[in-house]
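> need the 3D shape of this:
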Amino acid sequence: MLRQIAGTFFSENVTRTVRTSLLSTAVMLLLSSTGTWKYMASTIDAYEMGRAVAWAGTAEIDTLPLVIAIDDTGYEQFFNARSPVDRDKLRALLATIAAHTRPATRVAIDIDLSPVPGQAAQQYALEQLLLQSSGKWILPAVRGGDPRLAAKLATWRTGLCARGIDFGLPYIPNEFGYPKMTHQYANSLGDASARRGTCADPELPMVQKALPLQPAYLKSGMVVPFSGDLALLASLLDTINPPFVVLGGAWGQTDIFATPFGDRYGVQIHAAALAGAIQHEHLAPVWVEILSSWAFMSTMSILMFYLLQALVRHTETRADSMPGHAFFTLRLRPLLVIGVVCGMLYLLMESLAIWHATTGFWMNTARIAGYTIVCLLVPWNLGRVDPAHFKTWKSAVRGHVTATLRKEVRSARQSLRIVLGRSTLWIDGDKAIAMSRRRALFEGSCALISLSMQSVLPVVSLGYILYKSLPH
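Next up, the predicted model:
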């Protein structure tokens with residue numbers, strides 16, 4: 001049985017997939033640039049995240065951040081619906097948070113605190129409050145509208161960073177209004193809150209890093225709405241005693257993102273990213289995804305091999321006067337194969353959701369699903385062609401690699417001999433076929449192209465993908 005599994009693994013993956021990985025990579029690159037694929041990938045990620053929450057239960061509140069969301073009432077009554085917000089009012093809010101949280105509590109602020117015209121004295125008082133406990137605060141590093149303003153903001157940030165205040169990017173990578181579940185910008189607010197000494201520069205190109213959102217927190221993380229009552233907020237902070245606080249706006253209809261659990265404000269996304277860092281959520285390396293894809297395809301190939309054998313025994317066409325059997329083979333069997341594949345993909349996603357819920361280890365199921373679709377469409381021909389099956393890995397290597405390589409190299413050599421005038425015959429076993437130089441040149445060129453595309457480039461492309469996945 002182990003030999004059979006190893007043989008199928010090599011035949012469907014280490015031999016066939018390596019040879020067709022260039023095609024699979026090209027198809028996946030084309031798909032990844034389309035809106036349809038991005039929507040599909042976002043849907044799969046959202047489903048897996050929802051199932052992970054179902055298996056994991058609720059998040060541990062005492063180790064996760066608390067969101068203080070300034071709602072419409074707070075913005076209109078406490079801040080008088082002014083933007084930029086009044087610095088004196090903001091200082092009073094931050095002073096309340098500082099007085100009623102532990103000294104070690106980190107507070108990320110998703111509200112622009114950069115200097116604004118007409119509030120110089122208020123800005124100075126606000127910064128003095130921040131500097132009293134500088135290691136506590138993470139401020140948003142916002143872009144300047146023009147080079148002159150950007151330079152002023154950079155000088156302001158540098159001065160505060162030198163005195164112990166951290167800065168993080170308040171921006172969230174998203175697709176179609178959906179925040180990316182697996183990545184955030186490096187030095188984002190969530191990223192900067194999980195470590196100290198970050199002084200983000202928003203004018204530099206933003207690079208995404210693996211920082212998965214914590215599913216349970218995104219669903220039911222604790223959010224305290226702030227409507228302007230500082231005394232009530234102080235009482236709540238004394239009761240909850242959070243290790244992290246993320247303060248931001250939840251007014252109006254801007255800065256809203258669709259998630260698997262409903263709409264969430266940007267401040268909640270930053271908090272979910274911070275929760276993911278606290279809970280050690282992490283992504284599987286690319287090589288693990290590749291091996292998992294191969295293992296999944298091997299398992300599916302073994303099951304499909306026996307399924308198709310059983311179908312052939314019971315449904316093969318025994319006479320031309322039996323069109324029902326022919327219809328099943330040509331039309332219904334492919335649909336059955338697709339149904340089995342979809343069912344196995346569902347089981348895979350459910351299994352990975354359980355794994356994610358118990359370990360915090362996130363596998364990109366969308367890539368595995370995309371790879372499966374490519375194999376279903378190309379090598380299996382939608383169920384019309386049986387998956388290859390070899391009893392041992394050695395026979396798989398001979399069938400898919402050694403024999404094919406020898407045939408292509410032999411063809412190139414024979415073609416070269418005819419083109420150079422050293423022979424006029426094409427030797428095919430016991431046969432000798434007369435061939436012109438033009439036809440030999442055509443055959444040899446195609447053989448070399450086949451050798452490059454199906455053997456050299458796939459190995460190079462696979463090696464490049466693995467190399468890029470390694471830390472540098």
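> start to end distance for stretch 173-185?
7 Å (CA to CA, to the nearest Å).
> averaged pLDDT, that stretch. What do you get?
Stretch 173-185 shows a mean pLDDT of 84.
> ditto for stretch 260-271
Here the average pLDDT along stretch 260-271 is 90.
> who's in contact with that stretch?
With contact meaning CB atoms under 8 Å, 6 or more residues apart in numbering, stretch 260-271 is reached by 46-47, 49-50, 53, 65, 67, 69, 108, 110, 170, 172, 179, 188-190, 193, 213, 217-221, 223, 244, 246-250, 255-257, 259, 272. Where you see a C-beta, it was placed from the backbone N, CA and C, and this is true even at glycine.
> quick one: the strands in the stretch 351-472 of the chain?
361-362, 425-428, 431-434 (DSSP state E, counting those that start in this stretch).
> remind me which residues of the stretch 251-400 of the chain are low pLDDT?
315-323, 325-327, 374-400 (pLDDT under 70).
> swap in 90 and give it another go.
252-263, 279-400 (pLDDT under 90).
> quick one, helices of it?
266-278, 286-315, 323-327, 333-359, 365-377, 393-397 (DSSP state H, counting those that start in this stretch).
> what's the domain layout of this structure?
1-57+283-472, 61-278 (automatic domain parsing).
> just say which of the ones you listed is most tucked in.
domain 61-278 (a mean of 18; mean count of other CB atoms under 10 Å).
> now do that one: distance to the chain's middle.
25 Å (CA atoms, centre = their mean, to the nearest Å).
> now what about stretch 152-161, what contacts it?
Under CB under 8 Å, 6+ apart, the answer for stretch 152-161 is 114-115, 127, 130-131, 134, 139, 141-142, 144, 167, 199, 201, 203.
> restrict it to CA atoms and write it as CSV.
Taking Å, rounded to 0.1, in the frame of the first residue of the first chain, the C-alpha atoms of stretch 152-161 are listed here in CSV:
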residue,chain,number,x,y,z
LYS,A,152,7.2,68.8,7.9
LEU,A,153,5.5,65.7,9.0
ALA,A,154,8.7,63.7,8.7
THR,A,155,10.5,66.2,11.0
TRP,A,156,7.7,66.0,13.5
ARG,A,157,7.7,62.2,13.6
THR,A,158,11.4,62.0,13.9
GLY,A,159,11.4,64.3,16.9
LEU,A,160,8.8,62.2,18.7
CYS,A,161,10.3,58.9,17.7
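> average model confidence for that stretch?
93.
> about what we covered before: with distance to residue 235 added, can I get the strands of the stretch 351-472 of the chain in TSV?
Formatted as TSV, the strands of the stretch 351-472 of the chain follow (distance: least, CB to CB, whole Å):
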stretch	distance to residue 235
strand 361-362	38
strand 425-428	90
strand 431-434	94
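> coming back round to it: which two in the contacts of stretch 152-161 are spaced the farthest apart?
Pairwise distances across those (CB to CB) peak at 24.3 Å, for the pair 131 and 203.
> need the strands for the stretch 101-250 of the chain, in chain order.
Going by DSSP E, counting those that start in this stretch, the stretch 101-250 of the chain shows strands at 106-110, 137-140, 166-168, 174-175, 178-179, 183-185, 208-210, 223-226, 244-249.
> now the residue sitting nearest the centre point of the chain. Nearest residue, chain neighbours left out?
Centroid-nearest residue in the chain: residue 182, 5.1 Å away (criterion: CA atoms, centre = their mean). Closest residue to residue 182 apart from its sequence neighbours, by CB to CB, 6 or more residues apart in numbering: residue 212 at 5.0 Å.
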